[in-house]
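J.: Give me the fold of what follows.
(chains A and B)
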There are 2 protein chains.
Amino acid sequence: MAFELTKEYLDHIEELIEKQDSTTLKAEMEGMFPADVTGILYEIDTEQAKYLVSQLDTEVGAEILAALDTDERKDFLKSFTSEEIARYVNEFDSDDAVDLLNEQPIRVREEVIALLEDREQARFILDLLHYDEDVAGGLMQKELVKANVNWNMNQCIEELRKQAEDVEKVYAVYVVDDNDKLLGLLSLKRIVLAHKNTKVENLYDKDIIYVETYRPAEEVAELMQRYDLDVIPVVNVQGRLLGRITIDDVVDVITEQASSDTLAMAGITGDVEEDDTVWEQTKARLPWLLVGMMGGILAAKFIGFFEGDLKVVPAMAAFIPIIGSTGGNVGIQTSSIILQSLADKTGLNTDVWHRLARMFGVAFINGIIISIIVFGFNLLIGNEFRLAVVVSSALLSVVFLASFMGTVTPLLLEKLGINPAVASGPFITTANDLIGYGVYFGLAHMLLGL
Amino acid sequence: MAFELTKEYLDHIEELIEKQDSTTLKAEMEGMFPADVTGILYEIDTEQAKYLVSQLDTEVGAEILAALDTDERKDFLKSFTSEEIARYVNEFDSDDAVDLLNEQPIRVREEVIALLEDREQARFILDLLHYDEDVAGGLMQKELVKANVNWNMNQCIEELRKQAEDVEKVYAVYVVDDNDKLLGLLSLKRIVLAHKNTKVENLYDKDIIYVETYRPAEEVAELMQRYDLDVIPVVNVQGRLLGRITIDDVVDVITEQASSDTLAMAGITGDVEEDDTVWEQTKARLPWLLVGMMGGILAAKFIGFFEGDLKVVPAMAAFIPIIGSTGGNVGIQTSSIILQSLADKTGLNTDVWHRLARMFGVAFINGIIISIIVFGFNLLIGNEFRLAVVVSSALLSVVFLASFMGTVTPLLLEKLGINPAVASGPFITTANDLIGYGVYFGLAHMLLGL
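T.: Predicted structure coming up:
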């Protein structure tokens, strides 16, 4: 039952904008979910988009701006004055406000904060701007409902009434002591069902999972997934409650992580999308293509040394592709399995020897099967027995080497604090290829007595 | 502040199990989160695990069983009788119960359902067993709190009190008419803040997103992400409220999807994990390695035709790797960008011509740069001018062909209802390689006048 944007509806909206029919526009847009209106904004030009948003109530406009993608919002807001931006940011949740401001030049950012009517919002934003985007502090929002442990339910509900207007989604009330130290939480369900005079301290749940501001975003995502949490409170090193992170922001972290891992595996730097300009895409793709090309040039140089051998046994050239592709495929398979297992943090860490032992078991079976088939093929098409031996031994060695590299590289990268997903990328594939050719031509040179 | 399983703690627990010190065990385990206890179960042997779980309260044991991974749980429950399983399943949420039963042989499944003391749970489970795992119906749970539109807040809270014990997480109360048709929802926040005599119909939110039972799981995930939902109600085609899907289950769908896409890209069939047996891993990996090998054999056969040419210009062999790897890299980059853009469903669908036009723009710049560098390299190392022309023209053509294949293949697979992620896998890479060699040797044969 989701809204589906059609060409016809888009034409209809553009017509309304053309006619400046603000009443109909307002009625149509305010009946839609903000996330659906963004789909329209992506398709019309900036001036039309600005007209459309300006016709809506500030609150609705703010929700739509909050739902826009980073790149599109950055472009869109270029035509806004700091005063206009401030009017919308007033209505944002603090975490979304910080995201928007981080996309802006420093001058605009400071002007907007100075212009905010809601001074509490301004203070929240200044607090949050301290944190990096990729730690818990950078994901949290300041809006939350908290209650003192010494209160009773009546006071709790009163506080909820006061704070609830600012807090979009209330999952629970956090319980703190007089110093704002986080003690536990009280679910809304319990509040609804409790007697009015029950004391908070007799009802709240002390066993809770929280996270410190400096924890990396991936760790927050992992925690919330492991414990099936919808929201997690954020504390400072002294245990003081500073904010909360909601699951929707963490879902974004998870999908972005998955998408950037996929891009890294495919040899693309940065966060490129299909509708980025040709130049942006080229910038993201060329570096790794050049790495692959350098590998190819090295391989060419290397195979050049064996030109004499190739003149004697030109059939050798025919097996260059199978050596390269088998090494590449085994390497990528192995590193992907290791990557997946690194991402799953339950249980004890397996040590590297166990990992290698299992990988070598798999390599042995796969390698033997492939080598035997290729050996048979060689004999079948009437190639020399010695060449068949060279090709199959090289294949077997390449499968083992690629399994070794595929296991060790991601583990090493993880240790060095580099995203291990690049271990499935062109760099490692290229390295694997080169090693493979080395083994192949080395063996050939020895065994064929060239 | 997450629990970290250490070797020491594991030894300590194994010692307690050895000594059958059930009091200490119970105290330690019941102070932990179920998700952390599963980490221990993965590391100890089945008999120890069974002893440990059997010492805990049924409710705690049920939470731990619900948090176990599919494979481990299947193995673990082999030592349980249907009676024992039924005792735990009684305490499960209906969606988790169905997941567990789906892992069991049909005989056990039927016995357990027959043995369930909670007959409502049994009815819920029988309802849910109708649905495939990968549609909304298969993700939903039957436990939810609903209120009739004609009630007032007092009746609502009374119902909440009655139903709340069975419903683990209450996000909101669903509002239905006398026929159980879903009309809207009432947030707990509103219930807490409302006067007791307010009528539901004056307070509930009519603008809600719901999903039909037959919608695919990915669509549910996409909806919940787009609209930042924590929970989504599930209805049948008549609009009757049947259940709800919570965000934690959808987060699992998202991560599984990402992980199976990564595995598909890496040429691994099925859901393999590092700690699966050597044989399971081989089974998942060998098929695609064989595809790659077949490609390699085809390439060998193909290059074999040009053996005469290679005898004359053995330097040609040296550029086989760069042709293959450039085609592979460009193809994977292109298809990954298309895949990412297919996953993002906001906005209008771009038509295939626009896609190709943009991709060709990128291909042109990348291709020209790579061709020029390789051309320079060829002249530098003193290769014949004509060979340099052949290699660089072949590279340029390969970049274009791979961009074309990388754009069209995922779109075609998506149209055919096949997971487009396999478009980045070994099959396409192999096809790209073969086309590349064809262009290279074809051009060489023509331009070198061999």
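J.: Just the helices from the stretch 51-200 of chain A, written as ranges.
T.: Along the stretch 51-200 of chain A, the segments classed as helices by DSSP state H, counting those that start in this stretch run A:58-67, A:70-77, A:82-89, A:94-102, A:106-115, A:119-128, A:136-139, A:153-164, A:188-193.
J.: so does stretch A:301-310 get close to chain B?
T.: Yes: against chain B, stretch A:301-310 shows contacts by Cβ under 8 Å from any Cβ of the partner chain at A:K301, A:I303, A:G304, A:E307, A:L310. The C-beta positions use only the backbone N, C-alpha and C, and glycine is treated the same way.
J.: That stretch: end-to-end distance?
T.: Length of stretch A:301-310, first residue to last, Cα to Cα, to the nearest Å: 14 Å.
J.: Could you list the buried residues of it?
T.: For stretch A:301-310, a neighbour-count test (16 or more other Cβ atoms under 10 Å in any protein chain shown) marks A:I303, A:G304, A:F306, A:D309, A:L310 as buried.
J.: okay, A:S424: pLDDT?
T.: If you check A:S424, the pLDDT there is 66.
J.: how many neighbours does the residue lying closest to A:K26 once chain neighbours are set aside have?
T.: Nearest in space to A:K26, with sequence neighbours left out and distances taken as Cβ to Cβ, 6 or more residues apart in numbering or on different chains, is A:Q55 at 5.5 Å. Applying other Cβ atoms under 10 Å in any protein chain shown, we find 20 other residues in the vicinity of A:Q55.
J.: List phi and psi for A:Q55.
T.: When read as degrees, to the nearest 10, the backbone of A:Q55 gives phi -80, psi -10.
J.: and it, what does it touch?
T.: A:S22, A:L25, A:K26, A:M29 (Cβ atoms under 8 Å, 6 or more residues apart in numbering or on different chains).
J.: Please identify the helix or strand for the third one.
T.: When elements are assigned from DSSP states H and E, A:K26 belongs to helix A:22-30.
J.: how much does that helix deviate in direction from helix A:58-67?
T.: 50 degrees (axes from the mean of the first three to the mean of the last three Cα atoms, to 10 degrees).
J.: Just give me how far helix A:22-30 sits from the chain centre.
T.: Remark: helix A:22-30 is offset 36 Å from the chain centroid, using Cα atoms, centre = their mean, to the nearest Å.
J.: Repeat that for stretch A:37-57.
T.: 28 Å.
J.: buried sites along it?
T.: A:37-44, A:48-53, A:55-56.
J.: what's the longest helix in chain A?
T.: helix A:385-415 (DSSP state H).
J.: After that helix, which helix or strand is next? Please name it.
T.: With DSSP H and E, the next secondary element past helix A:385-415 is helix A:426-447.
J.: Can that next one be said to contact chain B?
T.: Yes: residues of helix A:426-447 contacting chain B under Cβ under 8 Å from any Cβ: A:P426, A:T429, A:T430, A:D433, A:Y437.
J.: Could you list the buried residues of stretch A:370-386?
T.: A:I370, A:S371, A:I373, A:V374, A:F375, A:F377, A:N378, A:N383.
J.: Show the contacting residues for A:H130.
T.: So A:H130 contacts A:G137 (Cβ under 8 Å, 6+ apart).
J.: How many neighbouring residues does A:G406 have?
T.: A:G406: 27 neighbours (other Cβ under 10 Å).
J.: how about the strands in the stretch 151-300 of chain A?
T.: A:172-176, A:182-187, A:211-212, A:231-235, A:241-246 (DSSP state E, counting those that start in this stretch).
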